[in-house]
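Chemist: Build me a model from this:
(one chain, ligands or ions: 2)
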Amino acid sequence: MPDPATNPITADGQNAVLGIQQISKRFPGVQALSAVSLALYAGEVHALVGENGAGKSTLSRILCGIEHADAGTMHLRGEVFQPGSKREAEAGGVRMVMQEMNLIANLSVAENIFITQLPARFGFIRYSVLHAQARELMRQVGLERINPATPVHKLGVGQQQMVEIAAGLSQQCRVLILDEPTASLTDSETRLLFQQIAKLKAAGVSIVYISHRMEEIMEIADRVTVLRDGCHVRTLDTAETDIDMIINLMVGRQLDAIELHRPTPRLTETAMRVEGLRCGEKVQGVDFELKKGQILGFAGLMGSGRTETMRAIFGADKAEAGAIYLHGSDTPTRIRRCTDAVRHRIAFLTENRKEQGLFLSLSIRVNTTITQLRALSTAGFIHQGEEDRVTRELAGRLNLKYYATRQLVSKLSGGNQQKVVLAKWLLRNCDILIFDEPTRGIDVGAKFEIYKLLNQLTEQGKAIIFISSDLKELMAVCDHIAVMSAGKLVNTFERGDWDQERIMAAAFSAYK
Ligand SMILES: Nc1ncnc2c1ncn2[C@@H]1O[C@H](COP(=O)(O)OP(=O)(O)OP(=O)(O)O)[C@@H](O)[C@H]1O
Ligand SMILES: [Mg+2]
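Modeler: Ligands and ions are numbered 1, 2, ... in the order given. You can find the predicted model right below:
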């Protein structure tokens, strides 16, 4: 971190890099921002916090020209700033790494990083230059092991996020907005990102940092602005506040301290046993047992093979070897495709909601009930009233911010989309539920609701696999934590017998 003494934050409004005055924005059915004012200073990390749907992404999109305000003004270094497009904002040095990934799946990592500034000569892209430049940026974000020519769709979500960040770093900027950059990063990748942020800060860049992870904010932000329902609640110096106070301002009430973990249940009946599972490079012989009523966490570094293991179990990828025994049976069950898994009452909530979890152009109602259509219909006719009722009930439990169940999912805030994915699978009657990063982008209050729901599901005898890159979350919620390293399941820890250091040591153990 740069020395604060040599890198003072200019505290008078005159020297703001970007001044935001009375910005308002309305979408059909919702006032996303109401007269929000804010000043961003050179060399400060300014955190933007608030519940799902509070207006954080909307404000960011206005700053970088993707969305236009209905009212209000902005000044960039004293000059009126009214970007008509993303390109115009970038010309002024205002850039954003978006919450929803923005990469082009079929282009390579290098092409995605330099998409707007591909080094060309006579119209031909100079790949040697491109790859050399990309390699340098990729090294800075810990992607040195990846070939810059790899198409991005081959990378995991966390790695894709790092590519986005590398793309943001590739350009000169005065204001860099990071919208939930660490949502799918593990601790070590987050460290790399923080090093980059420290460098930019020292160079006088003003950084807007959006996150639901309060510890991170306390660590790297100089100031915090709290938004609630589109209104500016307060801006505070991080040094003069604490997490409880910020949460209090965010939700406008005190959150009950919930006892997260119920006493470890007696786990007797087996729900699923996996033996010698192999699938490509990422799954190199995985064995484990999952009991009814158990929450089994999966920890590991980005790319350690957790998602790939689950995909192989679920039949999304074809396993080369291994056996899966279900519901206490001694005969292995063949799962060749996802429909087989679903038939055997296995659910899989995927980590990339945009690609796999949601139908963005359909309504909340349809997305929630799509896995359950048979139960809600008679002879092929869907009971819309019933569908609506079920959707509303779940939406209420998860505190979904919406105005009608017919609303399109693409118009929801990031965290609220994730809640719809969850609702979809919670509705389904499954015995084995695999959740891959279920709380990614979900605000503090709603996270607790999800943990409570998971507990309730185990009380009904369901077995849960919970992948998370947030180790604290795993330690709060799980009965056991399995650790994967370089495609192998290296260790399983029991509640009471784990600590962060031992889990991290296991996560690194199979890498040379
Ligand atoms: N294009 C749009 N059309 C209609 N409504 C929208 C659109 N974009 C955002 N909204 C609504 O505006 C409100 C603010 O959304 P925004 O995405 O800014 O929230 P957020 O604070 O970023 O939340 P999250 O933490 O979930 O990312 C939400 O109610 C959302 O549904
Ligand atoms: Mg958002």
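Chemist: From now on I want contacts and neighbour counts done on CA atoms only, so please keep to that.
Modeler: Will do.
Chemist: pLDDT value on the residue of the stretch 301-450 of the chain found nearest ligand 2, please?
Modeler: Across the stretch 301-450 of the chain, the shortest distance to ligand 2 (CA to the ion) belongs to Gly414, at 4.9 Å. pLDDT, Gly414: 75.
Chemist: Over to Gln99?
Modeler: pLDDT, Gln99: 62.
Chemist: Distance from stretch 319-338 to the middle of the chain?
Modeler: 30 Å (CA atoms, centre = their mean, to the nearest Å).
Chemist: and what of stretch 152-171?
Modeler: The answer for stretch 152-171 is 13 Å, by CA atoms, centre = their mean.
Chemist: In that stretch, which residues are buried?
Modeler: Buried positions in stretch 152-171, judged by neighbour count with 16 or more other CA atoms under 10 Å: 152, 155-171.
Chemist: before we move on, what about stretch 64-74?
Modeler: For stretch 64-74, the neighbour count (16+ other CA under 10 Å) marks Cys64, Gly65, Ile66, Glu67, His68, Ala69, Thr73, Met74 as buried.
Chemist: what's the straight distance from one end of that stretch to the other?
Modeler: Distance across stretch 64-74, first residue to last, is 11 Å (CA to CA, to the nearest Å).
Chemist: wait, what's in contact with Asp70?
Modeler: Ile23, Ser24, Lys25, Arg26 (CA atoms under 8 Å, 6 or more residues apart in numbering).
Chemist: Need the pLDDT of it.
Modeler: 96.
Chemist: and if you look at Ile481?
Modeler: 96.
Chemist: and the residue of the stretch 51-200 of the chain nearest ligand 2?
Modeler: For the stretch 51-200 of the chain, CA to the ion, closest residue to ligand 2: Ser57, 4.1 Å.
Chemist: just checking, what packs against the one helix or strand that residue maps to?
Modeler: Using DSSP states H and E, Ser57 maps to helix 56-63. Helix 56-63 sits against strand 30-40, strand 175-179, with contacts defined as 3 or more CA pairs under 8 Å, 6 or more residues apart in numbering; DSSP states H and E.
Chemist: Centre of the chain to that helix, how far?
Modeler: That offset, for helix 56-63, works out to 18 Å (CA atoms, centre = their mean).
Chemist: Renumber starting at 2 from here on
Modeler: New numbering, starting at 2: the last item is helix 57-64.
Chemist: list the contacts for the closest residue in space to the residue of the stretch 52-201 of the chain closest to ligand 2 that isn't next to it in sequence?
Modeler: Excluding the flanking residues, the one nearest Ser58 by CA to CA, 6 or more residues apart in numbering is Asp180, at 6.9 Å. By CA under 8 Å, 6+ apart, the contact set of Asp180 is Ser58, Ser61, Met97, Val98, Met99, Gln100, Tyr210, Ile211, Ser212.
Chemist: for Ile166, same thing?
Modeler: With CA under 8 Å, 6+ apart, Ile166 has these contacts: Val98, Val142, Pro182.
Chemist: Could you rerun that using 6 Å?
Modeler: For Ile166, the contact set (CA atoms under 6 Å, 6 or more residues apart in numbering) is empty.
Chemist: Looking at it now. What's its pLDDT?
Modeler: For Ile166, the model assigns a pLDDT of 75.
Chemist: Please tell me how far it sits from Gly304.
Modeler: Distance, Ile166 to Gly304, using CA to CA: 17 Å.
Chemist: Can you give me the domain assignment for the protein?
Modeler: Domains of the chain are assigned by automatic domain parsing as 2-94+193-257, 98-172, 269-346+431-513, 360-429.
Chemist: And Val50, its phi and psi?
Modeler: phi -130, psi 160 (degrees, to the nearest 10).
Chemist: What residues does the protein have near ligand 1?
Modeler: 28-29, 31, 33, 52-59, 402, 412-417 (CA under 6 Å from any ligand atom).
Chemist: Just the buried ones among these, please.
Modeler: For the residues of the chain next to ligand 1, buried by 16+ other CA under 10 Å: 33, 52-59, 402, 412-417.
Chemist: so who does the residue nearest to Pro333 when sequence neighbours are not counted touch?
Modeler: The shortest distance from Pro333 to any non-neighbouring residue, by CA to CA, 6+ apart, is to Tyr326 (4.5 Å). With contacts defined as CA under 6 Å, 6+ apart, the neighbours of Tyr326 are Met273, Arg274, Pro333, Thr334.
Chemist: what would these look like in a markdown table with distance to ligand 2 and secondary structure?
Modeler: Converted to a markdown table, the contacts of Tyr326 look like this (distance: CA to the ion, whole Å; DSSP: H, G, I helix; E, B strand; the rest coil):
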| residue | distance to ligand 2 | secondary structure |
| --- | --- | --- |
| Met273 | 36 | strand |
| Arg274 | 38 | strand |
| Pro333 | 43 | coil |
| Thr334 | 41 | coil |
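Chemist: of all those, which comes closest to Lys293?
Modeler: Met273 (8.5 Å; CA to CA).
Chemist: and that closest one, what are its bridge partners?
Modeler: Judged by DSSP bridges, the bridge partners of Met273 are Leu291, Leu327.
Chemist: That one against Leu327, yeah?
Modeler: Yes - using CA atoms under 6 Å, Met273 is in contact with Leu327, at 4.6 Å.
Chemist: give me the element Val422 is part of.
Modeler: Using DSSP H and E, Val422 falls in helix 415-428.
Chemist: Which strands or helices does that helix pack on?
Modeler: Judged by 3 or more CA pairs under 6 Å, 6 or more residues apart in numbering; DSSP states H and E, helix 415-428 is in contact with helix 365-370.
Chemist: Neighbour count added to the contacts of Tyr326, as TSV?
Modeler: Formatted as TSV, these follow (neighbours: other CA atoms under 10 Å):
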residue	neighbour count
Met273	22
Arg274	19
Pro333	16
Thr334	15
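Chemist: could the residues you listed be laid out in a markdown table, adding pLDDT?
Modeler: Below are those laid out as a markdown table (pLDDT from 0 to 100):
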| residue | pLDDT |
| --- | --- |
| Met273 | 96 |
| Arg274 | 96 |
| Pro333 | 93 |
| Thr334 | 93 |
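Chemist: residues contacting the closest residue in space to Glu290 that isn't next to it in sequence?
Modeler: Sequence neighbours aside, Arg274 is the residue nearest to Glu290 in space, at 4.4 Å (criterion: CA to CA, 6+ apart). When contacts are counted by CA under 6 Å, 6+ apart, Arg274 touches Phe289, Glu290, Ile325, Tyr326.
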